[in-house]
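S.K.: Give me coordinates for this.
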Amino acid sequence: MKSNELLLDCFGRIRETVAAVLEGVDGETLVRRPAGTGNSIAWLIWHLSRVEDAQVASAAGLQQVWTAQEFAGRFALPLPERDTGYGHSTEQVDAVKAPPELLLEYYEAVHRQTVEFVKTLGDGDFDRIVDRRWDPPVTLGVRLVSTIADCLQHVGQAAYAKGLHPSHG
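M.R.: Purely as a prediction, here's the structure:
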């Protein structure tokens, strides 16, 4: 198996779990915040989608799906257009509301862009420096793995949050 094929499998698992979390979820469950202060499913899926979109687009030299395909306008969130959710206050988490169909449509578009980029990569590409703001500088391989790790954590949290709701437990 080639390195990019392994990464494609990882990103595919995120996609499968996002779809499973959003399947059959109602509006109440989507915005419910575990213990009143945890992140809602809507926020978690939006955030992981924004993270993958921003990180992969930057590393690939592409425009983010969020703006290129006008998802920012379709979501119409009261947040800055480039916002990905890092450091959100409780009010900002509450502000992220969208129907499951739109959340899935956005994630699917992000996933397609990720797949198209990762398919083009050879093993020699993963050592390319994509972010010099860190010590040591971040390589493409490290950026993709950290993006996968972050997204898997958040989709797992979303699945857990869905399971807490009586109709989905």
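
S.K.: residues in contact with the lengthiest helix in the chain?
M.R.: Longest helix in the chain, counting residues (DSSP state H): helix 140-164. Outside helix 140-164, the residues that touch it by C-beta atoms under 8 Å, 6 or more residues apart in numbering are 3, 7, 10-11, 13-14, 17-18, 20-21, 25, 29, 32, 34, 38-41, 44-45, 47-48, 51-52, 55-56, 59, 118, 121, 125-131, 138, 168-169. Heads up, the C-betas are built off the backbone N, CA and C, glycines and all.

S.K.: From those residues, keep the buried residues only.
M.R.: Buried subset of the contacts of helix 140-164 (neighbour count, 16 or more other C-beta atoms under 10 Å): 3, 7, 10-11, 14, 17-18, 21, 25, 29, 32, 39-41, 44-45, 47-48, 51-52, 55-56, 59, 118, 121, 126, 130, 138, 168.

S.K.: per-residue confidence averaged over the longest helix of the chain?
M.R.: Helix 140-164 shows a mean pLDDT of 97.

S.K.: Likewise for stretch 64-80?
M.R.: 98.

S.K.: Give me the buried positions along that stretch.
M.R.: For stretch 64-80, a neighbour-count test (16+ other C-beta under 10 Å) marks Gln64, Val65, Trp66, Gln69, Phe71, Ala72, Phe75, Leu77, Leu79 as buried.

S.K.: Wait, the last one touches Gln92, no?
M.R.: Yes. Counting by C-beta atoms under 8 Å, Leu79 does reach Gln92; the two are 6.5 Å apart.

S.K.: Select from the contacts of helix 140-164 every entry located in strands.
M.R.: If you go by DSSP state E, these have Ile129, Val130, Asp131, Val138 in strands.

S.K.: Provide a list of residues in contact with the third one.
M.R.: Spelled out, it's Asp131. Asp131 touches Ser58, Pro137, Val138, Arg143, counting by C-beta under 8 Å, 6+ apart.

S.K.: and the second one, what does it touch?
M.R.: Contacts for Pro137 were tallied using C-beta under 8 Å, 6+ apart; they are Ile129, Asp131.

S.K.: if you set the cut-off to 6 Å instead, what comes out?
M.R.: By C-beta atoms under 6 Å, 6 or more residues apart in numbering, Pro137 lies in contact with Ile129.

S.K.: Pro99 versus Lys119, what's the distance?
M.R.: Distance of Lys119 to Pro99, given as C-beta to C-beta, to the nearest Å: 30 Å.

S.K.: whoops, Gly12 was the one
M.R.: 24 Å.
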